[in-house]
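J.: prediction below, plus the sequence it came from.
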Amino acid sequence: MKSRQTSAPAVAAAMAGFSRATGYRIEADPRLPSQRQSPRERRRPDPLAHLWEAEIVPMLVAAPGIRPVGVFDEMIRRHSELGERVRRTLERRIRQWRALEGPERDVIFRQEHPPGRMGLSDFTDVAELGILISGLPLAHRLYHFRLAFSGFAHAHVVLGGESFVALAEGLQNALWALGGVPEQHRSDSLSAAFRNLDRDTEVDQTKRYEALVAHYGMTPTRNNPGVAHENGSIESPHGHLKKVIEDDLLLRGSRDFADLDAYRRFIDEVVGRRNARNRKQIEIERAILKSLPERRTADFEEERVIVTSSGGFILRKVFYTVPSRLIGHWLSVRLYDDRLICFLGSTEVATLRRGRSPDHNKRAQVVDYRHVIHALRKKPMALLNLVYRDQLFPRAAYALAFEALLAGMGEKPACRTMVGLLALAHDRVCEAELADAISVELDAGRLPDLARLRERFAPDATSIPEVVVELASLSIYDELVSVTTLASIPEIMPAACVMEVTPKACGLEVAA
């Protein structure tokens, strides 16, 4: 294209290494080949055109988890004329629809693990290895411990199930082989270990586990039941460990061991070689680990509660509200003297003021209106006979305002106005200022005016400046052509310093 500016098409094509025909073709249409291609049109009628919006999309909306093959089978049952040939078309179209208009999917949040912070424990079944002890199959599983940062691993052969004894033995063996203690110990919900026990035994086993980790100064954490990827730093290495064991068994040439100790030594050798490859990282983390206690075997109490549909949980005859997102989840609650700290797995989700029941026959409530205000907006009349209505108001001014509104407006308008005031305090983060404004209105004998208060506490209007861009006239470039000297320069500078100003000297190219 540069040569074409000064030469004919045939000459420019030859200089660029093109043929004459290519040069004239580019001259006639300078677009790229990809830009000249027209999109491929449908070659046959769409067999799903009359069914997609009418039947398939409603089915996908009503049952988001349904598989494409399930949709296909149902369509074949309803319309036998479709045939098997539309299956791939249907699958591609469902995949595209879910990518553009389908529901949001779960997201895996990759985590960074600082050294010395987290150690993980889990059990894994290794029945597929086919281990024999003196010719007899060995029914067993492996207890697997791993440090998230360095990858230090320890495996312990467990003959029974996922019991507390197996967990305690394997964990302590791992910590003493490591020579230090991480800050946190993460495991699953341990439901497999306690599912066959009665309630009292289950509580006792849980307390023993808590005492075990407290003895080593570790913080116990758990992933959500049934969500294995939250324990990914140990779940994924399970598969790698079993593959390495399988490779070593193949190299060994036999899966039969003389006794259980020989098999355990084999497992220790396999895991030891993997740790040797991570020696540098392990040494870095080992220097940060906490010291072991003097021998093998809290300043808070820990309880497990479930968040009910009421948006909270009951603990020791006190009802606490939490964010409604936690409804249906089990929370680990640490009770301190003045507060409760709630954890979802290992994540702190709420810090609550601790409440106490006035006596053994009555229940108390600790309520935060910010946890339920979004639901009250939809159902404002629920405020009228709410069980914890008196505890819902964050300050006395709000309670007095509700009483005045009930007396002056009636139940339905009073509930709507009160919910609006609480929503305003939440949205504008003006709880104290709004309470003062309400008190002023009540002292003056007036009811709070929600519209005026919304206007008062509305965010400041932002003025956007008007920016006017003036474009330079193109005629100023023509003036540069006629300028040859600077008339004022000789008056203040020697003649030797005067230079001729031309378009070329100014760095400009003037078209002929």
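T.: Received, thanks.
J.: doesn't I314 belong to a helix?
T.: No - read with DSSP: H, G, I helix; E, B strand; the rest coil, I314 is strand and lies in no helix.
J.: that one: neighbour count?
T.: The number of residues packed near I314 is 14, by other CB atoms under 10 Å. Any C-beta I mention is one placed from the backbone N, CA and C, and that applies to glycine too.
J.: check the gap between it and A458 for me.
T.: Separation of I314 from A458 (CB to CB, to the nearest Å) stands at 39 Å.
J.: can you pull out the helices in the stretch 401-512 of the chain?
T.: 411-427, 431-443, 450-456, 475-482, 489-492 (DSSP state H, counting those that start in this stretch).
J.: which of those sits closest to A396?
T.: Closest approach to A396 among the helices of the stretch 401-512 of the chain is made by helix 431-443 (8.0 Å; CB to CB).
J.: helices or strands up against that closest one?
T.: helix 396-409, helix 411-427, helix 450-456 (3 or more CB pairs under 8 Å, 6 or more residues apart in numbering; DSSP states H and E).
J.: flag every buried residue along the second one.
T.: Applying a neighbour-count criterion of 16 or more other CB atoms under 10 Å, the buried positions in helix 411-427 are 414-426.
J.: give me the angle between that helix and helix 431-443.
T.: Calculated by axes from the mean of the first three to the mean of the last three CA atoms, to 10 degrees, helix 411-427 forms an angle of 140 degrees with helix 431-443.
J.: pLDDT below threshold where in this protein?
T.: For the chain, residues meeting the criterion pLDDT under 70 lie at 160-161, 189-205, 223-233, 298-301, 336-338, 360, 483-512.
J.: break it into its domains for me.
T.: Here the domain parsing of the chain from automatic domain parsing is 3-36, 52-101, 118-286, 301-366, 374-456, 470-512.
J.: can you tell me the distance between the two ends of the shortest one?
T.: Across domain 3-36, the straight-line distance between its terminal residues is 24 Å, by CA to CA, to the nearest Å.
J.: for E302, helix, strand, or coil?
T.: Secondary structure for E302, judged by three-state DSSP, is strand.
J.: based on its surroundings, how many neighbours for it?
T.: For E302, the count of nearby residues is 16 (other CB under 10 Å).
J.: would you agree it is in contact with L335?
T.: Yes - if you go by CB atoms under 8 Å, E302 and L335 touch, sitting 7.5 Å apart.
J.: and S310, what does it touch?
T.: Taking CB atoms under 8 Å, 6 or more residues apart in numbering as the contact definition, S310 lies against F319.
J.: measure it to V367 for me?
T.: 11 Å.
J.: need the overlap of contacts for these two.
T.: Common neighbours of S310 and V367, using CB under 8 Å, 6+ apart, are F319.
J.: in TSV: the domains of the chain, plus distance to V107.
T.: Output for the domains of the chain, formatted as TSV (distance: least, CB to CB, whole Å):
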stretch	distance to V107
domain 3-36	35
domain 52-101	15
domain 118-286	10
domain 301-366	15
domain 374-456	23
domain 470-512	47
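J.: to I108, which of the ones you listed lies closest?
T.: domain 118-286 (5.7 Å).
J.: one step back: of the domains of the chain, which is nearest R110?
T.: In terms of CB to CB, the element of the domains of the chain nearest to R110 is domain 118-286, at 8.9 Å.
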